[in-house]
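S.K.: just a sequence and a predicted model for now, questions to come.
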Amino acid sequence: MNTYPKINLGIFPTPVQRLDNISKLLGCEIYIKRDDLTGVGLGGNKVRKLEYLLADAKQQGAEVVFTTGGAQSNHAMLTAACAAKLGMKAILILKKRGVTECLGNQLLEHLMGTEVIFMDTDDYADIYAEMDRMGQQLGVPYYRIPCGGSNALGCLGYVDCVREIQSQGMTFSHIICAEGSGGTMAGLSLGAKLFMPETKVHGMMVDTDPFDRITPALMREAAKLLGVDVQITADDFDLRDMCGPGYAIPSEEGNAAVSLMAQNEGIFLDPVYTGKAFAGLIRMAEEGAFKAHERVLFVHTGGAGGLFAVLKN
Ligand SMILES: *Cc1c(COP(=O)(O)O)cnc(C)c1O
């Protein structure tokens, strides 16, 4: 792991807490990994990935960092926040889909003075081409970070997270996270395979991409970066569809989970990712997927900005 440069951007380890009231309600042992408290911006999972991605950008001498996502992308906002910390310029080329007014993550980007460009396209290939066009026009070294920071290098942040959980002294039978672009789930699943083979990782899909192919492909690429020789099979990850009416469109079940968590634990989930993912955990509990003695860890991947800018359904 130590062969890849990493920049210290966040506050780690993030806390692991027992959700006492929700555990009682669901009749299971539920814990939460507070990656909503990663210490940059309003927190969130992308900081772990950016510790690797921006280190790579710096090492390559980049002065400008491009990334992309939807209009309310938490990843894009956190890329701008982390770049600001490092004295690098971030340019966000976002898909026009989602809430584009100065709300939520758009407001935070406005406060940071980030350059934001909306492109009316549904194809990321158009956006990456625009990054190259702009980068060449600027005439300075630039670095492209993919949507969600989900490439093999970004995944290493979540392989690290498994070791961090291990160092916090507790074992878990199940780890549950949201899956939006795949890097978090792939990193956790590879990390668990390498360091916590007794733990099953469950990815709650909140978008409609083919994650059954994306997840193992990212796991294999990340394993290759680490130089570990592992066979990745369908047993190494578990996926559930929690997307509901569509990506970034709140679901009734997800909103109920946001309320349950707020009312019982004073913790805020978001309607796009973590609310839907926690709704998936509740479903699993109701299906009897967790045995009484098993500990379950929910990874709170952040998303606070999205609470203030969601489409109504
Ligand atoms: C990006 C994001 C996710 C999904 O993580 P991926 O690595 O993209 O699958 C989950 N929760 C929040 C709040 C996010 O911003």
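M.R.: That came through, no problem. On a predicted model such as this, the values are computed, not experimentally measured, just so you know.

S.K.: use CA for all of it now, contacts and neighbours both
M.R.: OK.

S.K.: count the residues that sit near residue 25.
M.R.: By the criterion of other C-alpha atoms under 10 Å, residue 25 has 9 neighbours.

S.K.: what helix or strand is it on?
M.R.: helix 20-26 (DSSP states H and E).

S.K.: which other residues reach that helix?
M.R.: Outside of helix 20-26, the residues within contact range by C-alpha atoms under 8 Å, 6 or more residues apart in numbering are 29, 30, 261, 264, 265, 282, 285, 286.

S.K.: let's see that with 6 Å instead.
M.R.: By C-alpha atoms under 6 Å, 6 or more residues apart in numbering, the surrounding residues in contact with helix 20-26 are 29, 30, 264.

S.K.: next one: stretch 119-126
M.R.: 95, 96.

S.K.: now it: how far from the chain's centre is it?
M.R.: With C-alpha atoms, centre = their mean, to the nearest Å as the basis, stretch 119-126 stands 21 Å off its chain's centre.

S.K.: where exactly do the strands run in the protein?
M.R.: 16-18, 29-33, 64-69, 89-95, 115-119, 142-144, 174-179, 200-205, 238-241, 295-299 (DSSP state E).

S.K.: so can I have TSV of those strands showing distance to the ligand?
M.R.: Putting those into TSV (distance: least, C-alpha to the nearest ligand atom, whole Å) gives the following:
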stretch	distance to the ligand
strand 16-18	17
strand 29-33	12
strand 64-69	9
strand 89-95	14
strand 115-119	18
strand 142-144	16
strand 174-179	4
strand 200-205	8
strand 238-241	12
strand 295-299	9
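
S.K.: kindly reformat those strands as TSV containing mean neighbour count.
M.R.: Listed next are the strands of the chain as TSV, based on neighbours: other C-alpha atoms under 10 Å:
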stretch	mean neighbour count
strand 16-18	15
strand 29-33	21
strand 64-69	24
strand 89-95	23
strand 115-119	16
strand 142-144	21
strand 174-179	25
strand 200-205	25
strand 238-241	17
strand 295-299	24
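
S.K.: could you dump these to CSV with mean pLDDT?
M.R.: Listed next are those as CSV, based on pLDDT from 0 to 100:
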stretch, mean pLDDT
strand 16-18, 98
strand 29-33, 98
strand 64-69, 98
strand 89-95, 98
strand 115-119, 98
strand 142-144, 98
strand 174-179, 98
strand 200-205, 98
strand 238-241, 98
strand 295-299, 99
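
S.K.: Throw the ones you listed into TSV and include distance to residue 272, thanks.
M.R.: As requested, those are exported to TSV (distance: least, C-alpha to C-alpha, whole Å):
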stretch	distance to residue 272
strand 16-18	22
strand 29-33	18
strand 64-69	13
strand 89-95	16
strand 115-119	20
strand 142-144	25
strand 174-179	9
strand 200-205	11
strand 238-241	13
strand 295-299	15
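
S.K.: what does the stretch 101-250 of the chain put close to the ligand?
M.R.: Proximity of the stretch 101-250 of the chain to the ligand (C-alpha under 6 Å from any ligand atom) is limited to residues 148, 150, 178, 179, 180, 181, 182, 183, 184.

S.K.: which residues touch the last one?
M.R.: For residue 184, the contact set (C-alpha under 6 Å, 6+ apart) comprises residue 158.

S.K.: with the first one instead?
M.R.: Shown here is residue 148, whose contacts under the criterion C-alpha under 6 Å, 6+ apart are 75, 181.

S.K.: which residue sits closest to whatever residue of the stretch 201-313 of the chain ends up closest to the ligand, ignoring its sequence neighbours?
M.R.: Nearest residue of the stretch 201-313 of the chain to the ligand: residue 303, at 3.5 Å (C-alpha to the nearest ligand atom). Nearest non-adjacent residue to residue 303, counting by C-alpha to C-alpha, 6 or more residues apart in numbering: residue 270, 5.5 Å away.
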